[in-house]
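Participant: Okay, here's the prediction I keep looking at, along with the sequence it came from:
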Amino acid sequence: MKRINPQWLELVRTVRQQDTYFRLLGMDITDLGWGRARLELEVGPQHLQPYGAVHGGVISSLVDSAGFWAVYSMVPEGQEATTVEMKLNYLAPVRSGRLAVEGRCLKLGRTLGLAEAQVQSQEGEMVAHGTVTMMLLPAPGWARPASLPPKHLED
């Protein structure tokens, strides 16, 4: 059975902390495992739309990112993934606090991966639910430096 290499996980966390989009939104990967991902975000004034609730694009970014990492954690070496479709239901407004999104891979096929993600408020209320379909593609040669540890280990 395959599992994620802890050295690869540590590298992902380090690289994500340097990612400009993650930093812009303040997203943080707090847990990443085989077919699952958890991200969190502390709501600030930069996340709010004019009526005082978190902008839908922020929620969408959380769902897309959690879905991506849940699928990508299982994608074989030499392949990448990109979102080709996302469906999102906004269930309740959020004005402050910490948002957490849990993504899980529902299906990984030869060419597509399907994930779902649930966003919860700090109080534990589900505020959004989405599904994300990812297309699997060959990774470009530059995407895997020789110094990168293997992504998966065999038990």
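Facilitator: Structure's in. What do you need?

Participant: from here on, contacts and neighbour counts on C-alpha atoms
Facilitator: Fine.

Participant: Beyond the least confident helix or strand in the chain by mean pLDDT, next helix or strand please.
Facilitator: When the helices and strands of the chain are scored by mean pLDDT, DSSP states H and E, helix 6-18 comes last with a mean of 85. Reading on from helix 6-18 to the C-terminus, the next helix or strand found by DSSP states H and E is helix 20-25.

Participant: what distance separates the next helix-or-strand element following that next one from the middle of the whole chain?
Facilitator: With elements assigned by DSSP H and E, the helix or strand that comes after helix 20-25 is strand 27-33. From the chain centre to the centre of strand 27-33 is a distance of 8 Å (Cα atoms, centre = their mean, to the nearest Å).

Participant: Any buried residues in strand 27-33, and which?
Facilitator: Within strand 27-33, the residues that count as buried by 16 or more other Cα atoms under 10 Å are 27-29, 32-33.

Participant: Partner strands of that strand, with direction?
Facilitator: Strand 27-33 pairs in its sheet with strand 36-42 (antiparallel), by DSSP bridges.

Participant: Just the residues contacting the helix or strand just after the partner strand, thanks.
Facilitator: Per DSSP H and E, the first helix or strand lying C-terminal to strand 36-42 is helix 56-72. The contact list for helix 56-72 (Cα atoms under 8 Å, 6 or more residues apart in numbering) reads 25, 27, 32-39, 47, 80-83, 86, 88, 90, 101-105, 108, 113-119, 128-132, 134.
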